[in-house]
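S.K.: everything below, folded, please.
(one chain, ligands or ions: 1)
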Amino acid sequence: MSTNKEKIDELREKKAKALLGGGEKRIEKQHQQGKLSARERLGLLFDNGFYDEFFIFAEPNKQLCDHPNAKEMHADGVATALGAVDGRLAYAASQDFTVSGGSVGYMHAWKICEMGRKALRDGAPFITINDSGGARIQEGINALRGYGEIFYHNTLLSGVVPQIAIISGPCAGGAAYSPALMDFIIMVKNTGKLFITGPNVIKEVTGEDISAEELGGAMAHAVNSGNIHFVAEDDEDAIAITKKLLSYLPSNNTEEPPYTGSCELEIPNDESLNSILPDDPREAYDMFDVLNKVFDPGSIFEIQADWAKSIIIAFARLNGRVVGVVANQPNYMGGILDINSSDKGARFIRFCNAFNIPILTLVDVPGFMPGIEQEFGGIIRHGAKMLFAYSSATVPKLTLILRKAYGGAFLAMCAKSLGADRVAAWPTAEIAVMGPEGAVAVLNKDEIKNAADPKAKRQELIQEYKDNLLNPYVAASIGMIDSVIEPMQTRLYLSIALETSKSKRELRPQKKHGLIPM
Ligand code: HXC
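M.R.: Numbers count the residues shown, from 1 in each chain. The predicted structure is shown next:
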């Protein structure tokens with residue numbers, strides 16, 4: 001019979017073996033590839049490197065997994081743990097590539113789901129670190145069953161606790177759909193690969209030639225597909241981005257985001273804002289110049305910075321209060337709304353609303369993008385997402401119109417009629433059904449054609465339109481905006497609006513869910 005000490009020694013030995021995953025040699029191989037091991041990643045994520053790992057002794061069910069070394073698949077290839085991130089509880093699942101390539105068998109998937117269930121129960125963020133060869137081939141369709149259950153849990157958690165996926169290694173085939181169902185994807189350059197079908201299959205089926213990096217590397221998704229939200233230099237950077245992101249988020253949908261300010265509002269006017277816009281309304285400028293002056297210094301945290309750049313989405317703080325910022329970027333395609341920028345904005349609005357984050361919208365939008373490609377691509381459906389997302393959001397919605405606010409795109413940038421709680425405009429605002437050139441072409445077609453000097457007539461009519469209609473006062477006269485403010489007062493105005501709307505409560509009719517155009 002073993003003594004207690006022997007039993008404890010045996011436990012220590014078993015634990016040490018399990019925690020080494022596929023062994024030191026394979027961990028060394030990870031390092032050579034520029035990757036950390038599954039547990040090194042968890043150590044970086046959680047405060048003081050401390051975390052409580054669950055199901056260390058899990059192994060593939062022998063009836064399900066026809067693998068000669070199933071017993072050696074320590075922890076079934078995924079480290080699942082809870083710990084604190086900046087003092088707040090979080091749950092994580094970190095795939096261990098050193099164990100059968102981090103492949104997903106049923107037990108592996110069950111462990112990930114179990115972490116999701118605990119995160120849901122405790123109202124804590126759920127983080128997955130993906131580094132896997134995909135469905136474990138030896139487990140056949142049981143691996144698929146496991147994936148299905150992961151997708152189901154991602155969906156259950158959606159809108160209840162924040163979900164963040166880090167892509168540190170391969171994540172291919174159907175496996176890519178778990179990150180896609182989560183709220184934010186952070187992808188590591190060079191090592192992360194995300195695609196449904198890899199280069200070889202593509203070559204086989206369509207004859208197209210492309211490298212894995214060009215197809216599914218971090219930059220491919222950051223710039224081309226918009227599937228991911230942040231690009232990380234390496235695993236350490238990915239963890240740092242995760243922590244920064246969490247610093248803006250509540251732990252769950254019943255909490256408010258972390259508040260880092262004081263109750264006192266000491267907000268001097270910023271005179272430089274009065275001259276920040278170019279005098280020529282057709283001249284571009286960088287919206288970040290405005291954002292940096294309006295929000296707390298260094299607090300702007302941009303999301304999807306390299307995709308659909310005519311719209312900016314970001315978290316920021318205003319006197320320590322977290323807000324979601326949606327702003328047109330006049331520096332890129334004039335700040336126009338197109339298919340991708342509508343998708344980008346709408347999804348972010350939905351996230352903010354789900355997690356009690358007030359939305360601040362800064363408007364300088366010339367309209368929706370014209371063109372056959374946009375029309376055939378479904379700009380009607382995609383643009384409608386912005387309308388739906390804003391209209392259904394019940395968090396405080398504050399809108400500031402800086403310059404152009406034309407037509408449907410003006411409405412789609414959270415006009416008062418979409419339920420904005422406060423709408424202010426700078427005196428430079430141009431709120432109109434359409435721009436002057438387009439308007440006179442429709443309204444005064446014959447007058448221009450029949451004029452002695454059609455060019456001069458057109459100019460005269462454009463000027464008349466500008467003088468009469470391209471200002472904020474027509475909208476102010478019928479209550480479409482609350483105030484016309486001097487730009488230098490913006491920070492004060494928005495701060496008061498935010499503080500006074502923080503207790504906002506809005507009731508809507510009961511329904512299962514609305515049908516956002518998808
Ligand atoms: C079982 C796997 C595996 C898998 C890798 N391994 N992927 N075992 N099932 N899916 C094992 C390898 O056999 C090897 O084991 C170890 O992991 C490391 O793999 P290597 O190939 O040596 O590593 P590397 O050269 O870095 O290549 C990594 C890789 C490659 C690109 C991911 O392993 C690969 O292509 N794997 C198969 C990918 C795949 O087709 N997966 C199934 C997709 S279908 P040993 O013991 O030799 O060290 C799918 C459907 C999901 O996922 C649908 C969900 C809805």
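S.K.: show me what from the stretch 1-150 of the chain comes close to the ligand.
M.R.: Residues of the stretch 1-150 of the chain lying close to the ligand (CB under 6 Å from any ligand atom) are 100-101, 103, 133-137, 144, 147. Placement of C-beta: from N, CA and C, glycine included.
S.K.: where does this protein dip in pLDDT?
M.R.: Within the chain, the ranges that satisfy pLDDT under 70 run 263-265.
S.K.: ok, which residues in it are in contact with the ligand?
M.R.: Contact residues (CB under 6 Å from any ligand atom) of the chain with the ligand: 100-101, 103, 133-137, 144, 147, 170, 173-175.
S.K.: which among these count as buried?
M.R.: By neighbour count, with 16 or more other CB atoms under 10 Å, these hold 100-101, 103, 133-136, 147, 170, 173-175 as buried.
S.K.: how about stretch 25-38 as PDB, C-alpha atoms only?
M.R.: Coordinates of each C-alpha in stretch 25-38 appear next as PDB, following Å, rounded to 0.1, in the frame of the first residue of the first chain:
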ATOM      1  CA  LYS A  25      11.900  19.100 -27.500                       C
ATOM      2  CA  ARG A  26       8.600  20.100 -29.000                       C
ATOM      3  CA  ILE A  27       8.400  23.200 -26.800                       C
ATOM      4  CA  GLU A  28      11.800  24.100 -28.100                       C
ATOM      5  CA  LYS A  29      10.500  23.700 -31.700                       C
ATOM      6  CA  GLN A  30       7.700  26.100 -30.900                       C
ATOM      7  CA  HIS A  31      10.300  28.600 -29.700                       C
ATOM      8  CA  GLN A  32      12.400  28.200 -32.800                       C
ATOM      9  CA  GLN A  33       9.300  29.000 -34.900                       C
ATOM     10  CA  GLY A  34       8.900  32.200 -32.800                       C
ATOM     11  CA  LYS A  35       5.900  30.800 -30.900                       C
ATOM     12  CA  LEU A  36       5.500  30.400 -27.100                       C
ATOM     13  CA  SER A  37       4.100  27.200 -25.600                       C
ATOM     14  CA  ALA A  38       0.400  27.000 -24.600                       C
END
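S.K.: in a strand, T128, correct?
M.R.: Yes. Checked against DSSP: H, G, I helix; E, B strand; the rest coil, T128 lies within a strand.
S.K.: count of neighbours near it?
M.R.: T128 is flanked by 26 other residues according to other CB atoms under 10 Å.
S.K.: so how far is the ligand from it?
M.R.: Distance, T128 to the ligand, using CB to the nearest ligand atom, to the nearest Å: 14 Å.
S.K.: quick check: beta-bridge partners of that residue?
M.R.: Note on T128: beta-bridge partners by DSSP bridges are A93, A165.
S.K.: mind listing what it touches?
M.R.: By CB atoms under 8 Å, 6 or more residues apart in numbering, T128 lies in contact with 92-95, 112, 163-166, 178-179, 182.
S.K.: now compare the residues you listed and name the two farthest from each other.
M.R.: Of all pairs drawn from the contacts of T128, the greatest distance, 15.6 Å, lies between Q95 and Q163 (CB to CB).
S.K.: the more surrounded of the two?
M.R.: Per other CB under 10 Å, whichever of Q95 and Q163 has more neighbours is Q95, with 27 against 23.
S.K.: what residues does the residue lying closest to that one once chain neighbours are set aside make contact with?
M.R.: Leaving aside its chain neighbours, Q95 sits nearest to G102 (3.9 Å; criterion: CB to CB, 6 or more residues apart in numbering). Residues near G102 by CB under 8 Å, 6+ apart: 38, 77-78, 95-96, 131-133, 169.
S.K.: just among these, which is most surrounded?
M.R.: A38 (32 neighbours).
S.K.: surely that one meets A81?
M.R.: No. The criterion here is CB atoms under 8 Å, and A38 misses it with A81 at 9.9 Å.
S.K.: who touches both of these two?
M.R.: Common neighbours of A38 and A81 are listed as S94 (criterion: CB under 8 Å, 6+ apart).
S.K.: of the residues of the chain next to the ligand, closest to N61?
M.R.: Checking the residues of the chain next to the ligand against N61 with CB to CB, the nearest one is R136 at 11.5 Å.
S.K.: now that closest one: how far from I401?
M.R.: In this view, R136 and I401 are 54 Å apart by CB to CB, to the nearest Å.
S.K.: likewise V99?
M.R.: From V99 over to I401 the distance is 55 Å, taken as CB to CB.
S.K.: quick one: R350 is in a helix?
M.R.: Yes. Counting by three-state DSSP, R350 falls inside a helix.
S.K.: got the contact list for it?
M.R.: By CB under 8 Å, 6+ apart, the residues touching R350 are 389, 393, 516.
S.K.: would JSON lines of the residues you listed with secondary structure and neighbour count be doable?
M.R.: Output for the contacts of R350, formatted as JSON lines (DSSP: H, G, I helix; E, B strand; the rest coil; neighbours: other CB atoms under 10 Å):
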{"residue": "A389", "secondary structure": "helix", "neighbour count": "25"}
{"residue": "A393", "secondary structure": "coil", "neighbour count": "23"}
{"residue": "I516", "secondary structure": "coil", "neighbour count": "14"}
